[in-house]
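> Mind folding the following:
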Amino acid sequence: MNLSSPAIFRNQLTCLVAALAFSGWSVSAQTAARVEASAAKAKRSIVVSIPDRKLALLEGDRVVKVYNVAVGAPISPSPDGEFWIAQRLENPTYYKPGVVIGPGKHNPLGPRWIGLDVKGFGIHGTNRPHSIGKNASHGCIRLRNRDIEDLFARVQVGDRVSIVGERNKQVARLFGEAPVNAQPAESLMAKNEASAAASDERRGER
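Below you'll find the predicted structure:
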């Protein structure tokens with residue numbers, strides 16, 4: 001076979017160009033897929049409605065999941081505003097002056113801690129599941145332990161967290177109509193919850 005034949009050379013060159021083109025397309029497609037996946041992950045965010053006592057996990061504008069939560073009591077309200085996840089801890093230890101509680105059923109933080117960019121403030125589990133759905137914490141956002149484990153697995157450091165103090169269009173879209181049991185902070189319910197929160201403070205709970 002004469003490898004120097006012009007026809008054979010042209011065929012080899014054509015195959016080489018096609019192989020390079022396919023290889024380049026494959027790499028470009030993989031890169032695009034990775035960029036798209038990263039962009040989708042970066043768009044994941046959390047919205048907490050204090051009036052509704054609910055937390056929504058979003059991907060872009062799509063609601064992935066909604067969780068019931070406990071928010072701050074009137075004497076220790078949850079701050080509203082824009083935050084981001086700064087820390088993720090499994091089986092955290094609870095620290096307070098004079099109080100250290102290791103992981104386990106008595107830990108006020110539950111099995112997971114999602115710390116925000118405000119020292120000492122975050123989203124966590126609880127050893128008081130009956131407080132979920134109430135204004136009962138010292139400012140942190142509490143979830144049932146099974147829910148915090150689920151949420152923890154879905155978020156990462158850098159995700160945005162919006163905590164909304166008053167109902168608005170976004171809250172109405174995410175959570176529906178205002179809860180029937182929503183009451184002014186000076187209601188009897190709020191006063192009872194404030195008393196319960198003060199009792200928790202003495203026992204070293206969040």
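
> Next secondary structure after the helix or strand in which Gly115 is found?
Using DSSP states H and E, Gly115 sits within strand 112-116. Of the helices and strands lying after strand 112-116 in sequence (DSSP H and E), the nearest is strand 122-124.

> one step back: would you mind listing the outside residues contacting the strand holding Gly115?
83-92, 121-125, 145, 148-149, 151-152, 155, 161 (Cβ atoms under 8 Å, 6 or more residues apart in numbering). (Glycine included, C-beta is placed from N, CA and C.)

> Now that we have those residues, which of them are buried?
83, 85-86, 88, 92, 121-125, 145, 148, 151-152, 155, 161 (16 or more other Cβ atoms under 10 Å).

> ok, back up a step: let me have the strand holding Gly115 in CSV, keeping just the CA atoms, if that works.
What follows is strand 112-116, C-alpha atoms only, in CSV (Å, rounded to 0.1, in the frame of the first residue of the first chain):
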residue,chain,number,x,y,z
ARG,A,112,-27.2,19.2,63.0
TRP,A,113,-26.2,22.8,63.1
ILE,A,114,-26.3,25.1,60.0
GLY,A,115,-24.6,28.3,61.2
LEU,A,116,-25.3,31.6,59.5
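
> What segments of the protein are helices?
6-42, 145-154, 169-175, 188-203 (DSSP state H).

> least trustworthy helix or strand in the protein by mean pLDDT?
Lowest on mean pLDDT, DSSP states H and E among the helices and strands of the chain sits helix 188-203, with a mean of 47.

> which one's the longest strand in the chain?
strand 81-90 (DSSP state E).
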